[in-house]
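Enquirer: Give the three-dimensional model of this entry:
(chains A and B)
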Amino acid sequence: MEKLNFKLNAPNRARGTRAQAIVGVVASGNLEVLLERVLPPDVCIIEIATAAHGFGAVWEAVVRDFVTRRAAGGLRVSVNDGGARPDTVALRLAQGVRMIEEPEA
Amino acid sequence: MNDWGMQKRALGERLAAGRRHAAGKIVPIPELPEFLKAVIRSGDRVCLEGDNQKQADILASALADLDSRDIRDLHMVQSGVVLPAHLDIFEKGIARRLDFSYSGPQSARIARMLFGGKIELGAVHTYLELFARYFIDLTPQVALIAAVSADKHGNLYTGPNTEDTPTVVEATSYKNGLVVAQVTEIVDKVPRVDIPGDLVHFVVEAGKPFYVEPLFTRDPAAITETQILTAMLAIKGIYAPYGVRRLNHGIGFNTAAIELLLPTYGERLGLKGKICTHFALNPHPTLIPAIESGWVEQIHCFGSEVGMEDYVAARPDIFFTGPDGSLRSNRAFCQTAGLYACDMFIGSTLQIDLDGHSSTVTTNRIAGFGGAPNMGSDPRGRRHPSEPWLKAGAEAAPDSLAPLRRGRKLVVQIGETFGDRNVPLFVERLDALELARELDLDLAPVMVYSDDVTHIVTEEGIANLLLCRNRDEREQAIRGVAGYTDIGRARDPRMVERLRERGVIRRPEDLDIDPLDADRSLLAARSIKDLMLASGGLYRPPTRFRNW
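Expert: Have a look, this model is predicted:
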């Protein structure tokens, strides 16, 4: 298991008020993403535990695009990855910030 | 004095030789080897019927069982090199030269045999192109075809999988070639006459149906959420703004996802009746929910699809069916329809380069083309206007005089940025180029040329290549939807942002697509069983797809 941590300046504050959200599943080729609204609104921390080693540069590109394109400010994002492809990771992250905007179910 | 009857006389000799092994037109199965040896001559041009669906499998095996001391150096002119027997014929030296279109499951072996010099390659064609050559310079002297049933006069019923048969018989029989058909059974009266008996010289009763590959069945259970997102992008970013009503879909999971989103996502966008009303398409099981909910007005088919026969027969308002009630397909007509009467082709591919050329050839595999390049090309002979065609033409050449401006067919390549086993869709250089170099081919096998492709859709967004004004813009538009592949990560971010501001690149967020919608619950059917239920039990999936 490889662990990667990114602390990024986030230009867009996460919308909504929900304290946390979880999307995805832990499975081969998939990932689970837990988002918690626990940080100052201009910061996003992303902690990744991944089954696939040696993809640090791709992860960095994915998470940098994520905080630039999406409203992720104020979130600590924990990723439990089962070797998902980057397109799946990007989709799950986008789903996570959308989920935390929604009122509690 | 010229002799103008040589071909007719040669046919007469073959007929006489064949009749020694037949009772009337009927060749008993045990006589088949001797019969073939009697009617085929070394060096003949032979069409062994088979494409990406139906196969004259009994005749293929019998041909491969011949002895190359008796028959050799045949020139095979056939749509599909699909069965092992198709290549055994070359392995044994019975055939030497090959002109074909599609090889699918034999793609690795055919490449090995080309490298090994066992096959002398004429060319890899598109279907229509090969059919065209049947009438000009590749006319078969012998055609070995497949049908469902025959009467004793040789009238053939080809059933839902008529496919290439009328074209092959037309070219062969009217040019004094010999036509031999394998049929499941010989009957007193065929359900309908697909091929008139006076064009068919001999019939072999195989006692079992010819082989058909269920190539167009996609299990909804295997559709990923990334594919759903990509499908939403296509529907909202291309189908809707162009108002695409007449189209062809490829066979991949991306287009299957689009078919399954029409009754859900398409309905929500208010697109019913405005898109996807007329198709050149095989009876895709994944289109059942859209048909059942009234989206589709009409479908013409290249072939049939295994298990869809009863469903199609029960929907004659949608499909082309014969007086017997069953589907009538015709590959040549449907390819022509897809080329000239459709405003869009959308399909998947394996490799796209920075110019936008795409290819399904990868190292050591020659899959051939099939029909995609016909559908996925801009027909220069088209003259009738339509809204999508005119709009695409205007985007490509906004400054030209409208009444003198050609429209453009929408040719869309769709796929995830990483394919099977994390292989990137985008490459610096197509493997097809390497193959062409190694085999010393004049042309690299390119599925869709860059000057035909108009849009590339991935999960990252849509690149509209019609709006690119130079090669640099085109390259960055492609890099800009190439995700986290090496090609995508080497983009010029500032230029990509400028292209996005101009609408050359559109991302899910630009189209107001909610990533939470990229969920399997959005599919109108989530399994093969759902499709069967949606058809009211009329669709009978083949055993290999029955996983419940």
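Enquirer: just checking, B:Gly252 touches B:Thr360?
Expert: No - B:Gly252 lies out of contact with B:Thr360 (C-beta atoms under 8 Å); the separation is 10.7 Å. Any C-beta I mention is one placed from the backbone N, CA and C, and that applies to glycine too.
Enquirer: which one of those two has more residues nearby?
Expert: Each of B:Gly252 and B:Thr360 has its neighbours counted (other C-beta atoms under 10 Å in any protein chain shown); B:Thr360 has more, 23 against 17.
Enquirer: longest helix of chain A?
Expert: The longest helix of chain A (DSSP state H) is helix A:86-101.
Enquirer: Please name every helix or strand in contact with that helix.
Expert: With contacts taken as 3 or more C-beta pairs under 8 Å, 6 or more residues apart in numbering or on different chains; DSSP states H and E, helix A:86-101 sits against strand A:20-24, strand A:31-37, helix A:56-69, strand A:75-81, helix B:225-234.
Enquirer: Buried residues in that helix, which are they?
Expert: Neighbour-count burial for helix A:86-101, counted by 16 or more other C-beta atoms under 10 Å in any protein chain shown, picks out A:86-100.
Enquirer: got the angle for that helix vs helix A:56-69?
Expert: 40 degrees (axes from the mean of the first three to the mean of the last three C-alpha atoms, to 10 degrees).
Enquirer: Run the chain-centre distance for helix A:86-101.
Expert: Centroid displacement of helix A:86-101 relative to its chain, using C-alpha atoms, centre = their mean, to the nearest Å, is 7 Å.
Enquirer: With stretch B:507-524 instead?
Expert: Taking C-alpha atoms, centre = their mean, one finds the center of stretch B:507-524 at 29 Å from the center of the full chain.
Enquirer: of the helices and strands packed on helix A:86-101, which approaches B:Arg14 most closely?
Expert: Nearest to B:Arg14, of all the helices and strands packed on helix A:86-101, is helix B:225-234, at 52.0 Å by C-beta to C-beta.
Enquirer: The closest one - contacts with which helices or strands?
Expert: Checked by 3+ C-beta pairs under 8 Å, 6+ apart, helix B:225-234 has helix A:86-101, helix B:253-261, strand B:410-414, strand B:455-458, strand B:461-464 packed alongside it.
Enquirer: got the contact list for the helix or strand that comes right after it?
Expert: Remark: after helix B:225-234, the chain's next helix or strand is helix B:240-242, criterion DSSP states H and E. If you take C-beta atoms under 8 Å, 6 or more residues apart in numbering or on different chains as the criterion, helix B:240-242 is touched by B:Leu269, B:Leu271, B:Lys274, B:Ile275, B:Asp343, B:Met344, B:Glu387, B:Pro388, B:Lys391, B:Ala392, B:Leu410.
Enquirer: let's see it at 7 Å
Expert: Residues outside helix B:240-242 that contact it (C-beta atoms under 7 Å, 6 or more residues apart in numbering or on different chains) are B:Leu269, B:Leu271, B:Ile275, B:Pro388, B:Lys391, B:Ala392, B:Leu410.
Enquirer: out of those residues, which one sits closest to chain A?
Expert: Closest approach between the contacts of helix B:240-242 and chain A, by C-beta to the nearest C-beta: B:Leu269, at 18.6 Å.
Enquirer: can you list the weak-confidence ranges in chain A?
Expert: A:105 (pLDDT under 70).
Enquirer: Get me the contact residues on it for chain B.
Expert: When proximity is defined by C-beta under 7 Å from any C-beta of the partner chain, chain A lies next to chain B at A:58, A:61-62, A:69, A:85-88, A:91, A:94-95, A:98-99.
Enquirer: possible to save the contacts of helix B:240-242 as CSV with secondary structure and pLDDT?
Expert: Output for these, formatted as CSV (DSSP: H, G, I helix; E, B strand; the rest coil; pLDDT from 0 to 100):
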residue, secondary structure, pLDDT
B:Leu269, coil, 98
B:Leu271, coil, 98
B:Ile275, strand, 98
B:Pro388, helix, 98
B:Lys391, helix, 98
B:Ala392, helix, 98
B:Leu410, strand, 98
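Enquirer: possible to save the residues you listed as a markdown table with neighbour count?
Expert: Below are the contacts of helix B:240-242 laid out as a markdown table (neighbours: other C-beta atoms under 10 Å in any protein chain shown):
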| residue | neighbour count |
| --- | --- |
| B:Leu269 | 17 |
| B:Leu271 | 19 |
| B:Ile275 | 22 |
| B:Pro388 | 24 |
| B:Lys391 | 18 |
| B:Ala392 | 25 |
| B:Leu410 | 26 |
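Enquirer: so which pair among those residues is furthest apart in space?
Expert: Across these (C-beta to C-beta), the longest gap, 20.5 Å, separates B:Leu269 and B:Ala392.
Enquirer: what does the stretch 301-450 of chain B have sitting close to chain A?
Expert: For the stretch 301-450 of chain B, the residues in contact with chain A (C-beta under 7 Å from any C-beta) are B:Glu416, B:Thr417, B:Phe418, B:Asn422.
Enquirer: Which one (most neighbours) among those residues?
Expert: Going by other C-beta under 10 Å, B:Glu416 tops those with 25 neighbours.
Enquirer: Spit out the contact partners of that one.
Expert: A:Asp87, B:Thr226, B:Gln227, B:Thr230, B:Leu425, B:Thr458, B:Glu459.
Enquirer: ok, how many other residues are close to B:Gly177?
Expert: The number of residues packed near B:Gly177 is 25, by other C-beta under 10 Å.
Enquirer: Check the one 3 residues further on too.
Expert: B:Val180: 27 surrounding residues under other C-beta under 10 Å.
Enquirer: How about it: which residues does it bridge to?
Expert: B:Leu144, B:Phe202 (DSSP bridges).
Enquirer: From chain A, how far off is B:Glu205?
Expert: Note on B:Glu205: its distance to chain A, by C-beta to the nearest C-beta, to the nearest Å, is 49 Å.
Enquirer: Please apply the same query to B:Ile71.
Expert: 51 Å.
Enquirer: Contact partners for the most centrally placed residue in chain B?
Expert: The residue lying closest to the centre of chain B (C-alpha atoms, centre = their mean) is B:Gly371, at 3.9 Å. The contact partners of B:Gly371, taken as C-beta under 7 Å, 6+ apart, are B:Thr126, B:Tyr127, B:Phe302, B:Gln335, B:Gly338.
Enquirer: Send me stretch B:484-503 as CSV with only the CA atoms.
Expert: Provided in CSV are the C-alpha atoms of stretch B:484-503 (Å, rounded to 0.1, in the frame of the first residue of the first chain):
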residue,chain,number,x,y,z
TYR,B,484,-4.0,11.9,-17.8
THR,B,485,-2.4,10.0,-20.7
ASP,B,486,1.1,11.2,-21.6
ILE,B,487,-0.5,13.0,-24.5
GLY,B,488,-3.0,14.7,-22.3
ARG,B,489,-0.4,15.7,-19.6
ALA,B,490,1.8,17.3,-22.3
ARG,B,491,-0.8,19.8,-23.2
ASP,B,492,-0.3,23.6,-23.3
PRO,B,493,-2.7,24.5,-20.5
ARG,B,494,-3.1,28.2,-21.6
MET,B,495,-4.0,27.3,-25.2
VAL,B,496,-6.4,24.6,-24.0
GLU,B,497,-8.1,27.2,-21.8
ARG,B,498,-8.4,29.5,-24.8
LEU,B,499,-9.9,26.7,-26.9
ARG,B,500,-12.4,26.0,-24.1
GLU,B,501,-13.4,29.7,-24.0
ARG,B,502,-14.2,29.4,-27.8
GLY,B,503,-16.2,26.2,-27.2
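Enquirer: Now look at that stretch and say if it contacts chain A.
Expert: Yes - Stretch B:484-503 is in contact with chain A by C-beta under 7 Å from any C-beta, via B:Tyr484, B:Arg489.
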